[in-house]
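# Need a 3D model of the following:
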Amino acid sequence: QTITVTVDDINEAPSDIAMSDQTIDENSSAGTAVGTFSSTDQDSADTHTYALASGAGDTNNASFEISGTTLQTKSGLSINYEATSSYSVRVETTDSGSGNLTYEEAFTISVNNKNETPVVAVPVSNPVSRILIEEDLSTIVSGISVSDVDADIDGGTGVFVTVSLTEDAATAGDYVLKTTSGVVVSKTGAALRIPAAGEASVTDMNTALGTLEFQGATNYIGDVTINIDVNDAGNTSTGSVDSALSHDDDIYVEVYEANDPPTISDITDQSVDEDSTITGIAFTVDEGPADTDNQTLTITATSSDTGLVPDANITINYTEGGGVDASTLSPTIDITPVADGNGTTTITVTVTDDGGGLLSTDDSFVLTVNAINDAPVLTIPGAQTLDEDVQTGISGIGITDVDADDSTGVSVDVSASNGTLEFSTGSAAITSN
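Below you'll find the predicted structure:
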């Protein structure tokens, strides 16, 4: 007798998940595909869906998402090898068979380290706002620095920097490093390479760049553009070599004309009588050399004794050419001492230009105010009415003299056309006839 046994096929859970790729490049953008999933399942007719699952190995689930069968990065994830070299996710596969059976597995995603662009920072990268350097002088161009996340880490070999001028160095100027921090420097024409060969650490590079000194060419006046270019030679932080990346920026410099101080002629000492004004004290001023003729001059004057001559009582008379007059100016001074004042004061006249640094020059002279005798002032009362043969006192007679004091005093003559006068302390009396 033949017995037929029928074996019913039952759904069996998937037994494995494979991922086509478990690496991702550093700095990949959101939505970058990492790899696709496939499942091992005895039920070959089953299809499978995939989802992130909780459990061991789900550390970085929040940074990824699954679209269909593809694992991809989510928005907001920054893939930075130097910060995180690998990620861990846990994935669940679910079959289409009876009961929708599942299988879970954790995957480690490695980050491929890529070379990243170095960065150079400069103090002034705007042509409108330039570093100002006076003609024929030198200055340290401080504020230059370079950085590279790949340099000086786990085998990164550093960077090199090239400093160059847009203008002709023979005409505009040149530069040197005050210290090279042990870095050998080479120079070809107007290009300075730091170091001369190979690369240097970012630390040593920044120390050297911090002492970059620019020296304008003799008598050069104008704009200068210094270019700073940093190159990483393709080095990554793991010591592998990728395509070289570089970054450059310009430093804008203005070499301005050196300002020369204005000149002023010597003003001789002066004198004036008390209660008088002295006018027309003459002197000359000039902007200086011919290359400063476009400047505007301001002239002021002060008194050492403002009780005798207040500053406000000094008037300077001149007409400025408004920065276009190349000729010498010939101002004059008028001075009015205070009323009844005498003595000496020193008058200081200062001429100031509007060039760089606002340079000024001054000259001083002594003004003597001569004392002049002022007439005394007599105060008398009005007309008086007296009785015949009666002595009557007269009050209200007063004498002042700005020049008199207790030692000199004044003399007074008193007479009457009729009658007799008698004086007592502080008063006078008259007897009519």
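# Just give me the neighbour total for Gly355.
Using other C-beta atoms under 10 Å, the number of residues around Gly355 comes to 21. Quick note: C-beta positions are derived from backbone N, CA and C, even for glycine.
# how about the closest residue to it other than its chain neighbours, phi and psi?
Of all residues not flanking Gly355 in the chain, Asn259 sits nearest, at 3.5 Å (C-beta to C-beta, 6 or more residues apart in numbering). Backbone torsions for Asn259, taken as degrees, to the nearest 10, come to phi -90, psi 130.
# So which bits of the top helix by length along the chain are buried?
Longest helix of the chain, by residue count under DSSP state H: helix 202-209. Buried positions in helix 202-209, judged by neighbour count with 16 or more other C-beta atoms under 10 Å: Val202, Asp204, Met205, Asn206, Thr207, Ala208, Leu209.
# before we move on, what about stretch 183-198?
Buried residues in stretch 183-198, counted by 16+ other C-beta under 10 Å: Val183, Val185, Lys187, Ala190, Leu192, Arg193, Ile194, Pro195.
# same question, stretch 302-319
Buried residues in stretch 302-319 (16+ other C-beta under 10 Å): Thr302, Ser303, Asp305, Leu308, Val309, Ile314, Ile316, Tyr318.
# Stretch 268-275 now?
Residues Val272, Glu274, Asp275 are the ones in stretch 268-275 that count as buried (16+ other C-beta under 10 Å).
# mind listing what Ser98 touches?
Contact analysis of Ser98 by C-beta atoms under 8 Å, 6 or more residues apart in numbering lists Ile10, Asn11.
# any idea which helix or strand carries it?
Counting by DSSP states H and E, no helix or strand carries Ser98.
# mind showing which ranges of the chain have poor pLDDT?
Along the chain, segments meeting pLDDT under 70 span 152-157, 180-181, 236-242, 289-293, 321-327, 356, 403-410, 421, 423-433.
# And the helices in it, which stretches?
Ranges of helices in the chain, per DSSP H, are 169-172, 202-209.
# got the CA coordinates for the shortest one in CSV?
Output for helix 169-172, consisting of C-alpha atoms alone and laid out as CSV, is shown next (Å, rounded to 0.1, in the frame of the first residue of the first chain):
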residue,chain,number,x,y,z
ALA,A,169,57.7,94.2,-5.5
ALA,A,170,60.5,96.4,-6.9
THR,A,171,58.0,99.2,-7.2
ALA,A,172,55.6,98.7,-4.4
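# Could you list the residues in contact with that helix?
Leu165, Gly189, Ala190, Gly216, Ala217, Tyr220, Gly222, Val224, Val255.
# how near is the residue nearest to Thr47 when sequence neighbours are not counted to Ile380?
Using C-beta to C-beta, 6+ apart and skipping the chain neighbours, the partner closest in space to Thr47 is Ser96 (4.5 Å). Look at Ser96 and Ile380: by C-beta to C-beta, to the nearest Å, they are 136 Å apart.
# picking that back up, could the buried residues of stretch 268-275 go into a markdown table alongside distance to Pro123?
Formatted as a markdown table, these follow (distance: C-beta to C-beta, whole Å):
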| residue | distance to Pro123 |
| --- | --- |
| Val272 | 57 |
| Glu274 | 62 |
| Asp275 | 62 |
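# Please flag which of those sit within strands.
Counting by DSSP state E, the buried residues of stretch 268-275 place Val272 in strands.
# coming back round to it: surely the residue nearest to Gly355 touches Leu359?
Yes - between Asn259 and Leu359 there is a contact at 5.5 Å, judged by C-beta atoms under 8 Å.
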